[in-house]
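>>> Sequence first, then the predicted structure:
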Amino acid sequence: MRLSVSFLLLAATPTTSALTLFMGTGNTFGRVFRISTWGESHGGGVGVQLDGCPPRIPLTREEIQIDLDRRRPGQSRITTPRNEEDAVEIISGLSPDGLTLGTPIAMLVRNKDQRSQDYLDNDMKVAYRPSHADATYDAKYGVRAVAGGGRSSARETIGRVAAGAVARKLLKMYNGIEVLAYVSSVQDIKAESVDDETFTMEDVDANIVRCPDPVSAEKMLARIDEIRKAGNSIGGVVTCVARNVPAGLGAPVFDKLEADLAKACMSIPAAKGFESGDGFAGTLLSGKDHNDEFYIDPETGATRTKTNRSGGIQGGISNGESIVVHVAFKPTSTIGQVQKTVTRDGTEVELRGKGRHDPCVLPRAVPMVEAMVALTLMDHIMMQKAQCELFPNETALEDRPNPMGKTARRMVEPRPHVVVESGAVSQRVDEE
């Protein structure tokens, strides 16, 4: 009782952040551009409330449906055969003529093809699926939605993708920002010939694997089919590229842009790894080889980097180059092969998974990753506007740092620079 009273008193104090009231709920993401998702896999529906969207933006359900159609089940033989249209309904936040009001935008997708008997008419109602959230949800809450996995189901991501479609539109309007993802590897099969600066959504969606390298895509498809027919599952990596992101997004220390991107992407079901830029591969290089040397773009006069091993982020802040992240997804937990497990009452048993599940989550994870990256970028843009651009910078143009990034352009002529003689330099650096 004492703890409950203390929490209520804390929540009532004037200095308490509004975030305190959401502490522990785990269903809300973002600070200024904020989403809260709700609903279970086999409930009446799933959806999202999006708060912080700017007003007076034209928005239609058809724009949102495009991304939901890329996420929905039943797309091909390598996705779950659950037959859902995932038709979105916008139930608040728009004017009669289709403009955002600046108030919360609520979106709903109704569940229509749930088959709860697949879970309730067999051992899955009492036995935990190995590596699934079944056991941990039960340990945390003492109760769980057996049918479909409840909130642990990938159907929860419908709300993210719907809100991400709104973020995608705003990013395009703001600075021509594009957020595109693709399947870059399935097990040990890697995409070999994808140019992160030029591939398009049409290239990605040209095959059911969602890999813009058609040769690699065929090999990936053959591997997925082989695993699927054996009643097993398979994992891999999704690469996401955000182009035309301006420099300056992010913050030092705890709110670094890649830190927020990592949280966003790692919150997706089945995500088990995250890399920014070269990630772990960069550990195999020396500083000389890994550093992205600066140069002046001869066309725009902006500061650019010759390489992009940093993935568009340095010191937790975007540098104006394309942001590149990689997200690793594990094989789907529910498989058609017999596995050893335990029941809720602690009895050791064997279990064969039932129901309709993706043998490989990667093709449908592509729009999920895009959504979470878009939501994170939109949130950081709005925070940047609030903190650093609330009052105009009245410093003379020639006294400001040279603009950075591929969408930036120098407005004044550079000052003559002093040539520093190169030579032996001590490597001692007095820095913690």
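Yep, that arrived. Numbers count the residues shown, from 1 in each chain.
>>> Wait, Ala264 touches Met372, no?
Yes - here Ala264 lies in contact with Met372, judged by Cβ atoms under 8 Å, at a distance of 3.9 Å. For glycine as for every other residue, the C-beta is placed from the backbone atoms N, C-alpha and C.
>>> between the two, which one's more packed in?
Legend: neighbour count by other Cβ atoms under 10 Å for Ala264 and Met372, higher for Met372 (32 against 25).
>>> what kind of secondary structure is the more buried one in?
helix (DSSP: H, G, I helix; E, B strand; the rest coil).
>>> Quick one, grab the pLDDT at it.
On pLDDT, Met372 comes in at 98.
>>> What distance do you get for it to Gly44?
According to Cβ to Cβ, to the nearest Å, Met372 and Gly44 sit 25 Å apart.
>>> Show the model's pLDDT score for Asp260.
Per-residue pLDDT puts Asp260 at 98.
>>> wait, what's in contact with it?
250, 376, 379-380 (Cβ atoms under 8 Å, 6 or more residues apart in numbering).
>>> any idea which element it lies in?
Here Asp260, judged by DSSP states H and E, is contained in helix 257-266.
>>> list the buried ones in that helix?
Within helix 257-266, the residues that count as buried by 16 or more other Cβ atoms under 10 Å are 257-262, 264-265.
>>> Pick out whichever of these sits closest to Arg410.
For those, the closest approach to Arg410 (Cβ to Cβ) belongs to Leu257, at 23.8 Å.
>>> Excluding sequence neighbours, find me the nearest residue to the closest one.
Spatial nearest neighbour of Leu257, chain neighbours left out: Gly250 (3.1 Å); criterion: Cβ to Cβ, 6 or more residues apart in numbering.
>>> I'd say that neighbour and Asp379 touch.
No - counting by Cβ under 8 Å, Gly250 does not reach Asp379; the two are 10.8 Å apart.
>>> after the host helix or strand of Val325, next one along is what?
Using DSSP H and E, Val325 maps to strand 323-329. Per DSSP H and E, the first helix or strand lying C-terminal to strand 323-329 is strand 338-342.
>>> contacts for the very next helix or strand once past that following strand?
Following strand 338-342 in sequence order, the next helix or strand is strand 348-352 (DSSP H and E). For strand 348-352, contacts defined as Cβ under 8 Å, 6+ apart pick out 123-124, 127, 129-130, 336-343.
>>> Please list only the buried members of those residues.
Buried among these by 16+ other Cβ under 10 Å: 124, 127, 129-130, 336, 339, 341.
>>> Next, the angle from the strand holding Val325 to helix 257-266.
Per axes from the mean of the first three to the mean of the last three Cα atoms, to 10 degrees, the angle that strand 323-329 makes with helix 257-266 is 30 degrees.
>>> list the helices and strands strand 323-329 packs on?
strand 236-243, helix 257-266, strand 271-276, helix 362-388 (3 or more Cβ pairs under 8 Å, 6 or more residues apart in numbering; DSSP states H and E).
>>> Neighbouring strands - and their directions - for it?
strand 236-243 (antiparallel), strand 271-276 (antiparallel) (DSSP bridges).
>>> which outside residues touch whichever helix or strand comes after the shortest one?
In this case it means strand 271-276. The helix or strand immediately downstream of strand 271-276 is helix 287-290, counting by DSSP H and E. Contacts to helix 287-290, defined as Cβ under 8 Å, 6+ apart, come from residues 278, 282, 309.
>>> What's the separation between Ala181 and Arg243?
12 Å.
>>> Between the two, tell me which one has more neighbours.
Ranked by neighbour count (other Cβ under 10 Å), Ala181 and Arg243 place Ala181 first, with 26 against 20.
>>> residues in contact with that one?
Counting by Cβ under 8 Å, 6+ apart, Ala181 has contacts 204, 238-241, 366-367, 369-370, 373.
>>> Quick one: residues contacting the residue positioned nearest the centre of the chain.
In the chain, the residue lying closest to the centroid (Cα atoms, centre = their mean) is Met372, at 2.8 Å. Contact partners of Met372, counting by Cβ under 8 Å, 6+ apart, are 160, 164, 261, 264-265, 267-268.
>>> Then Thr79?
Per Cβ under 8 Å, 6+ apart, neighbours of Thr79: 73, 208, 358, 363-364.
>>> Show me the two of those that sit farthest apart.
Pro73 and Ile208 (13.0 Å).
>>> what sits against Glu178?
Applying Cβ under 8 Å, 6+ apart, the residues near Glu178 are 171-172, 241-244.
>>> Quickly name whichever of those is closest to Ala222.
For these, the nearest to Ala222 is Val241 (26.0 Å; Cβ to Cβ).
>>> okay, the strands paired with strand 323-329 in CSV with distance to Leu99 and mean pLDDT next?
Converted to CSV, the strands paired with strand 323-329 look like this (distance: least, Cβ to Cβ, whole Å; pLDDT from 0 to 100):
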stretch, distance to Leu99, mean pLDDT
strand 236-243, 26, 98
strand 271-276, 35, 97
